[in-house]
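1. give me a model of this one.
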Amino acid sequence: EVQLVESGGGLVQPGGSLRLSCAASGFTFSSYAMSWVRQAPGKGLEWVSTINYGGGDTTSYADSVKGRFTISRDNAKNTLYLQMNNLKPDDTAVYYCSADGQYIYWGQGTQVTVSS
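-> Presented below is the predicted three-dimensional model:
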């Protein structure tokens, strides 16, 4: 059974940091490009970041998070990460990880709330 399980979300003040994790199982993690996508309240899905399959030496970011967020992966642990620094209220959203390869898989999401 394929599973993507996000964790690490929560409530943080503006300027704070969070590290999201996405634990993968049931498929060959290293063979899949991995992404983070978010959905703010009342809005559609917004792509955040992608890391390529394999060694993860290629990453890309939405302009809204560039310089503040860092995506990474640990293929030995089948885990995807998103380090989020200098968080802003506009970063408030449910964050989903997705796997894109032979198939596309999605996690259930983790809530991030940035508020004072």
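
2. from here on, contacts and neighbour counts on C-alpha atoms
-> Fine.

3. can you list the weak-confidence ranges in this structure?
-> For the chain, no stretch is flagged by pLDDT under 70.

4. center of it - which residue?
-> W36 (3.3 Å; C-alpha atoms, centre = their mean).

5. in what helix or strand does that residue lie?
-> Following DSSP states H and E, one finds W36 within strand 33-39.

6. and the next helix or strand past that strand?
-> The element immediately downstream of strand 33-39 (helix or strand, assigned by DSSP H and E) is strand 45-51.

7. now the nearest residue to E1 once chain neighbours are set aside: how far from N78?
-> Residue nearest to E1 in three dimensions, not counting chain neighbours: G26, with 5.2 Å by C-alpha to C-alpha, 6 or more residues apart in numbering. From G26 across to N78, the span is 10 Å (C-alpha to C-alpha, to the nearest Å).

8. next one: V37
-> Where N78 is concerned, V37 sits at a distance of 18 Å (C-alpha to C-alpha).

9. and G26 and N78? which has more neighbours close in?
-> N78 (16 against 9; other C-alpha atoms under 10 Å).

10. S25 is in contact with that one, correct?
-> Yes - using C-alpha atoms under 8 Å, N78 is in contact with S25, at 7.1 Å.

11. and the residue lying closest to S35 once chain neighbours are set aside, bridged to which residues?
-> Nearest non-adjacent residue to S35, counting by C-alpha to C-alpha, 6+ apart: T50, 4.2 Å away. Beta-bridge pairing for T50 (DSSP bridges): S35, S60.

12. contacting residues around T50?
-> 33-36, 59-61, 71 (C-alpha atoms under 8 Å, 6 or more residues apart in numbering).
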